[in-house]
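Student: From the sequence below, what's the structure:
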Amino acid sequence: MGELKLSRWDVVDHLKTDEDMALYLDACVEEDEGDGSLIRAALGDIARARGMTQLAKELQGRYSDRIIIYDIRLPRVLLGILIGAALLAGLIGLSGLSPETGKQDYSDAERIIFMTEHLGKVQPPQTLAYRFNKHGSLEADFEDKVTLRLSPTAAGTCCTGEADFLSAERRLTLPTVEDAHANPVILYFLEHDVRDMNRLTKGQQNHFRKRIRMAIYQGAKVEERALEYLGRPVSARQVLITPYADDPSRGRFEQYADKQYVFWLSDEVPGGVFGIASRMNAADAGAEPLIVEELYLEGATPPDITALAR
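Tutor: Predicted structure coming up:
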C-alpha cells in the first residue's frame, strides 16, 4: 500500500467567484461571536483569493466609508486607504449581487446613503454639529450633541472624519474614518443604534447590522421632501426602512420588530446629512412611542415624523 499523502486544506482554493466570496463572508458574519475575529479571518482569506491589488481597486472609494456596520477593520491597502469591513453590502457586494446576473447592482437607497459624495463641498478643516434627542415611554428622555470634525487627508483632500458621539456616560467610542466621502455620521448613528438594540434585546449585533444592510438594499422607500434649514427651504431625499418587519427572528424581539429608520439627505446643507431618526412604536396605536431617537444638523428644522407611526 502506497504512502498516504495529506495536503493542507485551504479555503482560498474554494473561493473561485464573487458569489463564493460573498456567501463565505456572510456565513462568517452570522457565526462571528461579536468580536470580529472570524470576520477578520474571512476577509484575509478573500484578500488572498483575489489578490490585494485587485481587492484594493474594488474597495477603494466604494467601501471606504462603511467602517462601522460589521465592526471590524482591514489593513491599509495601496494608496494608504483604510478599508473598513463594516460593509453594509458585504465585501464583494453581498447585498448588491444580483442573483440573476451575478453582477453588482445597487439600490437607490444605497446610492443615496453610502455612495453619494456628501462631503464633496466641504473645505476642511471644518466641524459639523448635530443635535441628538431621545424620548419615549420605555426609557428616560435626554438631549445631547454629536460633533463631527473633518480634516484634510494626508494627500490634502477631504476628509478624515472623527466624532464625539454623545457625552459623559453615553459617549460612544468610535474609530476615525479616513478618506471619507459619504458622511460618517450616518455610520456612527447606525452603530449607536445597533449597540442599543443589542442592549435592549440581547440579540446579536451582527444580526441587526445585516438586517439594516439588507433593508437598505431592498425594500427601502425613497421620496423627495421639502425641508427647512436656517429658515430657508431645501430639497432632500427621504429614505425609510423597516429592517425587522419581515425578519424570520422577529418573534425573539417582537416588541421592537416594527422599528423604522428614516434618513434625510440634501446636497443643500453642509455635510449632506440633514438628519436621521429611528422610531419604535407602542403596541397600542394611540400610545406614545416606545423610543424615538433623532439626530439633526444644527440649524435644521425637524420634520414631523408622527406620520411614520403606522
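
Student: buried ones in stretch 217-233?
Tutor: In terms of neighbour count (16 or more other CB atoms under 10 Å), stretch 217-233 has its buried residues at Y217, A220, V222, L227, Y229. Where you see a C-beta, it was placed from the backbone N, CA and C, and this is true even at glycine.

Student: residues near P184, how many?
Tutor: Neighbours of P184 under the rule other CB atoms under 10 Å: 29.

Student: Could you find the lowest-pLDDT member of the buried residues of stretch 217-233?
Tutor: Within these, Y217 has the lowest pLDDT, namely 87.

Student: Isn't T301 up against R225?
Tutor: No: using CB atoms under 8 Å, T301 is not in contact with R225; the gap is 11.9 Å.

Student: quick revisit: closest one of the buried residues of stretch 217-233 to A47?
Tutor: Distances from A47 to those, taken as CB to CB, are shortest for Y217 (23.4 Å).

Student: From I186, how far out is the closest one?
Tutor: 15 Å (CB to CB, to the nearest Å).

Student: same question, Q205
Tutor: Computed as CB to CB, the Q205 to I186 distance reads 17 Å.

Student: Kindly report the same for V194.
Tutor: In this view, V194 and I186 are 13 Å apart by CB to CB.

Student: now swap in L295 and tell me
Tutor: L295 sits 9 Å away from I186, going by CB to CB.

Student: same check, this time on P270
Tutor: Where I186 is concerned, P270 sits at a distance of 14 Å (CB to CB).

Student: Mind putting the buried residues of stretch 217-233 into a markdown table with distance to T127 and secondary structure?
Tutor: A markdown table is the format used below for these (distance: CB to CB, whole Å; DSSP: H, G, I helix; E, B strand; the rest coil):
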| residue | distance to T127 | secondary structure |
| --- | --- | --- |
| Y217 | 32 | helix |
| A220 | 30 | coil |
| V222 | 30 | strand |
| L227 | 22 | strand |
| Y229 | 17 | strand |
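
Student: which stretch of helix or strand covers D144?
Tutor: Using DSSP states H and E, D144 falls within strand 142-152.

Student: which residues touch that strand?
Tutor: 119, 122, 124-134, 158-167, 170, 180, 183-185, 188, 271, 295 (CB atoms under 8 Å, 6 or more residues apart in numbering).

Student: if you set the cut-off to 6 Å instead, what comes out?
Tutor: Under the criterion CB atoms under 6 Å, 6 or more residues apart in numbering, residues 122, 124-130, 132-134, 159-167, 185 lie in contact with strand 142-152.

Student: Which members of those are positioned in helices?
Tutor: The helices, defined by DSSP state H, take in V185 from the contacts of strand 142-152.

Student: List buried residues within the contacts of strand 142-152.
Tutor: Listed as buried from these are 122, 124, 128, 130, 132-134, 159-163, 165-166, 185; burial here means 16+ other CB under 10 Å.

Student: Those: which two are farthest apart?
Tutor: Farthest apart among those by CB to CB are P124 and K134. That separation is 30.1 Å.

Student: right, and P289 touches H135 too?
Tutor: No: contact criterion CB atoms under 6 Å: P289 and H135 do not qualify, at 8.2 Å.

Student: Same drill for the two, tell me which one is more crowded.
Tutor: P289 (19 against 16).

Student: Can you show me the strands along the stretch 51-200 of the chain?
Tutor: Remark: strands assigned in the stretch 51-200 of the chain by DSSP state E, counting those that start in this stretch are 73-77, 81-84, 126-135, 142-152, 158-165.

Student: So which other helices or strands are in contact with the last one?
Tutor: Other helices and strands packing on strand 158-165, by 3 or more CB pairs under 6 Å, 6 or more residues apart in numbering; DSSP states H and E, are strand 142-152.

Student: So for the strand it packs on, mean pLDDT?
Tutor: Average pLDDT, strand 142-152: 95.

Student: same question, stretch 205-213
Tutor: Averaging pLDDT residue by residue across stretch 205-213 gives 86.

Student: buried sites along that stretch?
Tutor: Going by neighbour count (16+ other CB under 10 Å), the buried part of stretch 205-213 is Q205, N206, H207, F208, R209, K210, R211, I212, R213.
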